[in-house]
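Student: how would this look folded up:
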Amino acid sequence: MPSRTELEEYGLDDDEIADIQASFEAVPRVGVHGTNAQGHEIESLLRDYDCSRVEVGPVRLLPSTIEHPEGVVFGHCEADPLVMSDDGSIDLFDHASGERSLACARTSERFLDALAAFLRIQAARDDWRGRPAAAAAQCAAAAGGDTYRAFYGILTGFLDQNKES
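Tutor: The predicted structure is shown next:
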């Protein structure tokens with residue numbers, strides 16, 4: 001999480017700093033911890049923590065899952081729902097058509113691994129600048145393979161911008 005001092009250097013006020021810092025926090029839920037019968041990490045995460053303020057690039061998690069014809073919605077990438085199917089795989093669905101648009105990860109655990117890879121890349125953005133395809137490939141490998149590269153290309157597209165931007 002960026003420090004208050006780092007954020008103040010961007011000229012942000014106290015409310016803006018608080019909002020940004022809150023987007024890094026998953027708040028433990030009281031009295032709901034337990035095992036997940038299906039073993040899906042996303043469901044365990046949302047059951048045990050309030051992640052409704054957590055944002056990873058354009059990905060925002062929900063406070064709890066919502067039923068979907070193809071599984072459960074656990075978050076959004078911009079306006080499009082992220083859906084975990086019964087087998088644990090993660091796909092992005094178009095919010096307007098309802099159609100599956102991109103495969104995101106082989107399992108929910110690998111989705112979280114890929115988001116962690118994205119965060120490491122984002123933290124070292126100057127080292128990755130101009131190499132969004134390589135960054136997307138690294139995230140896709142964490143997600144389970146090249147099938148998932150297009151989704152991570154969306155997340156890593158900011159690396160194609162000039163350093164001064």
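
Student: which stretches of this structure form strands?
Tutor: Secondary structure of the chain (DSSP state E): strands at 27-28, 49-50, 55-56, 59-68, 71-77, 80-84, 90-93, 100-105.

Student: for these, give me CSV that also has distance to Pro132, mean neighbour count and mean pLDDT.
Tutor: Quick note: C-beta positions are derived from backbone N, CA and C, even for glycine. Compiled in CSV, the strands of the chain are given as follows (distance: least, Cβ to Cβ, whole Å; neighbours: other Cβ atoms under 10 Å; pLDDT from 0 to 100):
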stretch, distance to Pro132, mean neighbour count, mean pLDDT
strand 27-28, 32, 10, 65
strand 49-50, 30, 17, 84
strand 55-56, 16, 16, 87
strand 59-68, 16, 16, 92
strand 71-77, 16, 21, 95
strand 80-84, 20, 23, 97
strand 90-93, 18, 23, 98
strand 100-105, 16, 21, 98
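
Student: can you redo these as TSV with distance to Ala114?
Tutor: Written out in TSV, the entries for the strands of the chain read as follows (distance: least, Cβ to Cβ, whole Å):
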stretch	distance to Ala114
strand 27-28	23
strand 49-50	19
strand 55-56	10
strand 59-68	10
strand 71-77	12
strand 80-84	12
strand 90-93	9
strand 100-105	6
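
Student: report the contact partners of Ala135.
Tutor: By Cβ atoms under 8 Å, 6 or more residues apart in numbering, Ala135 lies in contact with Phe118, Ile121, Trp128, Tyr152, Thr156, Leu159.

Student: wait, what's in contact with the residue lying closest to His68 once chain neighbours are set aside?
Tutor: Spatial nearest neighbour of His68, excluding adjacent residues (Cβ to Cβ, 6 or more residues apart in numbering): Val83 at 5.0 Å. Val83 is in contact with His68, Glu70, Gly71, Val72, Val73, Phe74, Ile90, Asp91, Leu92, Phe93, counting by Cβ under 8 Å, 6+ apart.

Student: and Val83, how far is that from Tyr49?
Tutor: Val83 sits 20 Å away from Tyr49 when distances are taken as Cβ to Cβ, to the nearest Å.

Student: determine the number of other residues adjacent to the spatially closest residue to Pro132 that is not a sequence neighbour.
Tutor: Once its chain neighbours are removed from consideration, Pro132 has its nearest residue in Leu159; the separation is 4.1 Å (Cβ to Cβ, 6+ apart). As a burial measure, the neighbour count of Leu159 was computed by other Cβ atoms under 10 Å and equals 20.
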